[in-house]
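> What would the 3D arrangement of this be:
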Amino acid sequence: MEWSEWHPLTMDDLKQHEARYSGVYRIALRDGTIAYPNGSSPVLFIGEAPLRRLCERLQDHLRGWGSTGVYERHQNGEALQWQNYAGGDLVVTAAAAVEDFILKYGAPPVCNHKAPHHKL
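Next comes the predicted model:
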């Protein structure tokens, strides 16, 4: 998969960035890596913004409306970064990016977990 260069994940940077399109994205630590079963990677989360501008979706993460893990790391002052892949079918591409990550590192990105389903 072909990814863009990394960009700082801050509200100020997102307001200035030209990511006005939808797309698949990765969020990662700017400094350091996370230990996975088959190696280390800075990547925390892989997602997609199929119906909205990518910058709006990334801002959601910083506001606590996305991955809880990404939000908590942001609130704790960890420097984060993002990059995007803008080709292909978004759902298939995001799923393929997560699958590729799992094959390479032995587990999904640490913040890629689904919220539990609640019984009514």
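
> List the buried residues of the lengthiest helix in the chain.
Counting residues, the longest helix found in the chain (DSSP state H) is helix 90-105. Within helix 90-105, the residues scored as buried using 16 or more other C-beta atoms under 10 Å are L90, T93, A94, A96, A97, V98, F101, I102, Y105. All C-beta spots, glycine's among them, are computed from the backbone N, C-alpha and C.

> what comes into contact with it?
Helix 90-105 is contacted from outside by 1, 22-24, 26, 36-39, 41, 43, 46-50, 85, 87, 108-109, 112, using C-beta atoms under 8 Å, 6 or more residues apart in numbering.

> just the buried members of those residues?
Judged by 16+ other C-beta under 10 Å, buried ones among the contacts of helix 90-105: 22-24, 26, 36, 41, 43, 46-49, 85, 108-109, 112.

> Max pairwise distance over the residues you listed: which two?
Of all pairs drawn from those, the greatest distance, 27.9 Å, lies between S22 and Y36 (C-beta to C-beta).

> So, low pLDDT: which residues of the protein?
18-20, 86-88, 114-120 (pLDDT under 70).

> the strands in it, which residues?
Assigned by DSSP state E, the strands in the chain fall at 7-8, 23-29, 34-36, 39-41, 43-49, 80-85.

> mind listing what the first one pairs with, with the direction of each?
Pointing back at strand 7-8 there. Partners of strand 7-8 in the sheet, by DSSP bridges, are strand 80-85 (antiparallel).

> same deal with the fourth one?
If you go by DSSP bridges, strand 39-41 pairs up with strand 34-36 (antiparallel).

> Contacts for the partner strand next, please.
Residues outside strand 34-36 that contact it (C-beta under 8 Å, 6+ apart) are S40, S41, P42, V43, L44, Y105, G106, A107, V110.
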